[in-house]
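J.: sequence below, structure please.
(chains A and B)
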Amino acid sequence: MSQPILKVKNLVKNYGSFQAVKGVSFEVAKGEVFGILGPNGAGKTTTLEMIEGMRSIDGGSAVLNGINVAENPMGIKEIIGIQLQASAFFERLSLVELLHLFGDLYGESAHPKALLAEVNLLEKAKQPVKSLSGGQKQRFSIAAALVNKPVAIFLDEPTTGLDPQARRNLWDLVQQIQAGGTTIIMTTHYMEEAEVLCDRVAVMDDGKIVALDTPERLIQALLKRGFKPKRTIAQATLEDVFIDLTGKDLRE
Amino acid sequence: MSMKRQWQALSSLTVASVKMYFRNVSALFFTLFIPVMLVLIFGWLNNGSASKFDLTITNYSKSEISKSFVDAVKKVDAFRITETSEADAMDKLGKAKVDLAVVIPAQFGSFEGGKPVPSKLSARFNEGRPQNGTAAGLILGQITAGFNNSLTKTPEIVGVELKGVKTNNLGVIDFLIPGIIAMSIMQLGILSVAFAFVSLKTTGALRRLQATPTRPLNFIIAQSISRLIIGVLQVALLLGLGVAVFHLHMVGSFLQFGIAATFGVIVFLAFGFTVAGWAKDENQAAPIANLVTFPMLFLSGVFFPRDSFPAVLKTITNYFPLTFLADALRRIANEGATLVTVRGDMLGLAVWGVLMFVVAVLVFRWE
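T.: All right, here's what the predicted structure looks like:
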């Protein structure tokens, strides 16, 4: 593993007497796509938001690019891009106006057209977010997260609620961003998505990391423990059938 | 973050906030369209009644000539005549209920040694509405000239002496426009802020802003500046409409009117941010915003004077922030008051502003 860009140690979050995150530790290498998997309520989003400086840290530490999040949350926000799970943007502003505004919030002059081209939304430049489809909204949300040329971006369930075509299109975008050298930390509860995109995954349950490795090694380890699928796995999935029948082209 | 970058964020947020406001049809409807329509409707209603001139006649003469003169004046279609005492006539003139108060002196139409005694009618008009007074005076002058000719062929028996009477202008439109401006400031400060801000909370747009290194306070400041800009434009538009179309009389200074109005915007912004900061969603914001604005709309003397209120209600409504603002604006516009003479109202507004600011800080929540 190359030089880690993010070091998380024993991260804890308490909501009253309820401990949502119970001492989570992991490292993320520069240029890696790191996935946090887990069922709803496992603490994925809370973990992410503590690292992003969006939520206070009750215990442990997170250091990103040499900056301690708890000590300098604003410093962290300067160098990362965030896609929130339910990202909303100002109404009645066009995509170009929004990206200009977000650039100004970082004290940078944004290049909205270039960003929109990167996420394949150039033809919607003068439209408001309201007029976008679900997949387009998520792509715009990623464009907004890239406005400050971040060293790392955080994607919280970026494909939830998208149809298979839009989801695959977003996978392409994530891989394209990784190819540009940006580190990506994402959460998902789609396993095939994690398999396609993530170099390594941490599986969370009940506020703790229960496994952390590459998807291949996690599968190998499971098989070594004597795991047998309940039925023989078909050579194709129903999703493959769906994509074969309806095509990979985006519907929006 | 450096000052320059804070400024870049602040100015960009302000511009975005102004743009969003002018693209929000329902906000424009409530804060701009309704006040403009109110000015137009009340203005036109008032203009319609001004097509006839209201005259009072006080006749001190018992002569037959004076009686026939009064009859002649009564035949003029453009006049609406009330015969009354001089004191009542002056009172009506002062309240701008009549355009011209005509007084016929005792010696009018009397004869001395077979010759008519020269006498002058006194016709006073309200300087606040000089157009009506002088126009009515001119018509009256033509009647007296005709009367002289038919009577004695000498033109100097009766004449009209026009005198302007300095009174405060209390025309309906002059009363209403400052009130409507005050109302529109309240609507802007409370409704436009409360609903815009709460919708940013519920959609999560505010949270998305918090994912950037911008200080959250920048956003509040940007919203306030944008509302101040919009408020000044709004006051200028309503005032301009009143002056240009309905001959509103600005007895005081436009600048002092503007300063008082801007101060009003700031105070009502504090109300708006209190509601917006406390409410979690539109369902909480709407009843509170209406509960605050509705009583003031009807009880602060915006549309009708509070003189007729029962004493208790009058005392209570004395302390409404909209009463302070409407009274201050009205006194500047109608009576030529200055910021110094309306300092009581300004102080009342300031107390409300500080109070609401403290409450806003205490109840504010970002989510």
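J.: so what pLDDT did residue A:200 get?
T.: With respect to pLDDT, residue A:200 has a value of 96.
J.: contacts only, for the closest residue in space to it that isn't next to it in sequence.
T.: In this structure, residue A:200 finds its nearest non-sequential neighbour in residue A:214, 5.3 Å apart by CB to CB, 6 or more residues apart in numbering or on different chains. In short, each C-beta sits where N, CA and C put it, glycine included. Residues in contact with residue A:214 (CB atoms under 8 Å, 6 or more residues apart in numbering or on different chains) are A:199-201.
J.: now residue A:59
T.: A:10-14, A:23.
J.: picking that back up, now rank the contacts of residue A:214 by neighbours and give me the top one.
T.: Comparing these by number of neighbours (other CB atoms under 10 Å in any protein chain shown), residue A:201 comes first, having 25 neighbours.
J.: can you tell me the SS state at that one?
T.: What DSSP: H, G, I helix; E, B strand; the rest coil gives for residue A:201 is strand.
J.: surely it and residue A:38 touch.
T.: No: distance between residue A:201 and residue A:38: 9.8 Å, which falls outside the contact criterion (CB atoms under 8 Å).
J.: state the mean pLDDT of the one helix or strand residue A:142 maps to.
T.: Using DSSP states H and E, residue A:142 falls within helix A:134-145. Average pLDDT, helix A:134-145: 94.
J.: CA atoms only: put that helix into PDB for me.
T.: Extracted C-alpha coordinates of helix A:134-145, given in PDB (Å, rounded to 0.1, in the frame of the first residue of the first chain):
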ATOM      1  CA  GLY A 134     -32.000  11.100 -10.600                       C
ATOM      2  CA  GLY A 135     -28.800  10.000 -12.300                       C
ATOM      3  CA  GLN A 136     -28.100  13.500 -13.600                       C
ATOM      4  CA  LYS A 137     -28.600  15.000 -10.100                       C
ATOM      5  CA  GLN A 138     -26.000  12.600  -8.700                       C
ATOM      6  CA  ARG A 139     -23.600  13.500 -11.500                       C
ATOM      7  CA  PHE A 140     -24.100  17.200 -10.900                       C
ATOM      8  CA  SER A 141     -23.600  16.600  -7.200                       C
ATOM      9  CA  ILE A 142     -20.200  15.000  -8.000                       C
ATOM     10  CA  ALA A 143     -19.400  18.000 -10.300                       C
ATOM     11  CA  ALA A 144     -20.100  20.300  -7.300                       C
ATOM     12  CA  ALA A 145     -17.800  18.100  -5.100                       C
END
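J.: would you mark the buried spots in it?
T.: Buried residues in helix A:134-145, counted by 16 or more other CB atoms under 10 Å in any protein chain shown: A:135-145.
J.: with distance to chain B as added columns, please give the residues you listed in TSV.
T.: As requested, the buried residues of helix A:134-145 are exported to TSV (distance: CB to the nearest CB, whole Å):
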residue	distance to chain B
A:135	18
A:136	17
A:137	12
A:138	13
A:139	15
A:140	12
A:141	9
A:142	13
A:143	13
A:144	8
A:145	8
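J.: contacting residues around residue 42?
T.: All of this is about chain A. A:204-207.
J.: please refer instead to chain B.
T.: By CB under 8 Å, 6+ apart, residue B:42 lies in contact with B:172-173, B:176, B:180.
J.: repeat that for 7 Å
T.: Applying CB atoms under 7 Å, 6 or more residues apart in numbering or on different chains to residue B:42 gives the contacts B:172-173, B:176.
J.: what do you get for residue B:175?
T.: So residue B:175 contacts residue B:330 (CB under 7 Å, 6+ apart).
J.: try 8 Å
T.: If you count contacts by CB under 8 Å, 6+ apart, residue B:175 has them with B:305, B:330, B:334.
J.: any idea which helix is longest in chain B?
T.: Determined from DSSP state H, the single longest helix within chain B is helix B:216-246.
J.: mind listing what's buried along that one?
T.: Here helix B:216-246 shows B:218-220, B:222-231, B:234-235, B:237-239, B:241-242, B:246 as buried, counting by 16+ other CB under 10 Å.
J.: ok, stretch A:229-240 next?
T.: By neighbour count on 16+ other CB under 10 Å, the buried set for stretch A:229-240 is empty.
J.: which pair in the contacts of residue A:59 spans the largest distance?
T.: A:10 and A:14 (13.3 Å; CB to CB).
J.: what is the neighbour count of residue A:54?
T.: Residue A:54 sits with 20 neighbouring residues when counted by other CB under 10 Å.
J.: same check on residue A:221?
T.: Neighbourhood size, residue A:221 [other CB under 10 Å]: 12.
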